[in-house]
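Novice: Coordinates for the following, if possible.
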Amino acid sequence: QVHLVESGGGLVQPGGSLRLFCAASGSIGGINRMGWYRQAPGKERELVATITAGGTTIYADSVKGRFTISGDNAKNMVTVQMYSLKPEDTALYYCNAYMPLLDEMYWGQGTQVTCSS
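Specialist: Numbering: from 1, shown residues only. Sure, this is the predicted structure:
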């Protein structure tokens, strides 16, 4: 079993910054990709950014140039630094881990990000 714990969400004004953290524990040996997804009220969950163990990153078009994802394999952590936040970034942000050998996706419980003046 894999456990993912997110932290770092909160309330921020438009144009502000936040950093989200995700720590993985448990049977994490087979994970080769971690990332962040988000879900706004009334909308489907969507990709924000992912990073592989080798450092390859993917970003949603809506966050390119504003968000930066990074991973620490030694600490089993993934972080997303969010700049120039907009009201439309408001959502529950979920940490995700993918284990290809089992074709399993694991999710954290989410951390709320609210961008409002």
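Novice: CA only for contacts and neighbour counts going forward, please
Specialist: Noted.
Novice: how far away is residue 56 from residue 21?
Specialist: 18 Å (C-alpha to C-alpha, to the nearest Å).
Novice: go on, residue 29?
Specialist: 19 Å.
Novice: Which one's more surrounded, the two?
Specialist: residue 21 (20 against 10; other C-alpha atoms under 10 Å).
Novice: Which secondary structure element is home to the more buried one?
Specialist: Using DSSP states H and E, residue 21 maps to strand 18-26.
Novice: Low-confidence bits of this structure, can you list those?
Specialist: Across the chain, not a single residue meets the criterion (pLDDT under 70).
Novice: what's around residue 104, how many residues?
Specialist: 12.
Novice: Name whatever forms a beta bridge with it.
Specialist: residue 99 (DSSP bridges).
Novice: Just grab the bridge partners of the most centrally placed residue in the chain for me.
Specialist: The residue lying closest to the centre of the chain (C-alpha atoms, centre = their mean) is residue 36, at 2.2 Å. Beta-bridge partners for residue 36, by DSSP bridges, are residue 49, residue 95.
Novice: Distance-wise, check it relative to residue 51.
Specialist: Residue 36 is 9 Å from residue 51, by C-alpha to C-alpha.
Novice: quick one: residue 33 and residue 98 touch, right?
Specialist: Yes. Counting by C-alpha atoms under 8 Å, residue 98 is a contact partner of residue 33 at 5.3 Å.
Novice: Identify the contacts common to these two.
Specialist: With contacts defined as C-alpha atoms under 8 Å, 6 or more residues apart in numbering, no residue is adjacent to both residue 33 and residue 98.
Novice: now the strands: where do they sit in the protein?
Specialist: 2-7, 10-12, 18-26, 33-39, 46-52, 57-59, 67-72, 77-82, 91-99, 104-107, 111-115 (DSSP state E).
Novice: Give me the contact list for the last one.
Specialist: In this structure, residues lying in contact with strand 111-115 by C-alpha under 8 Å, 6+ apart are 6-14, 85-94.
Novice: I'd like to know which of those residues are buried.
Specialist: Buried members of the contacts of strand 111-115, scored by 16 or more other C-alpha atoms under 10 Å, are 6-7, 9, 12, 14, 85-86, 89-94.
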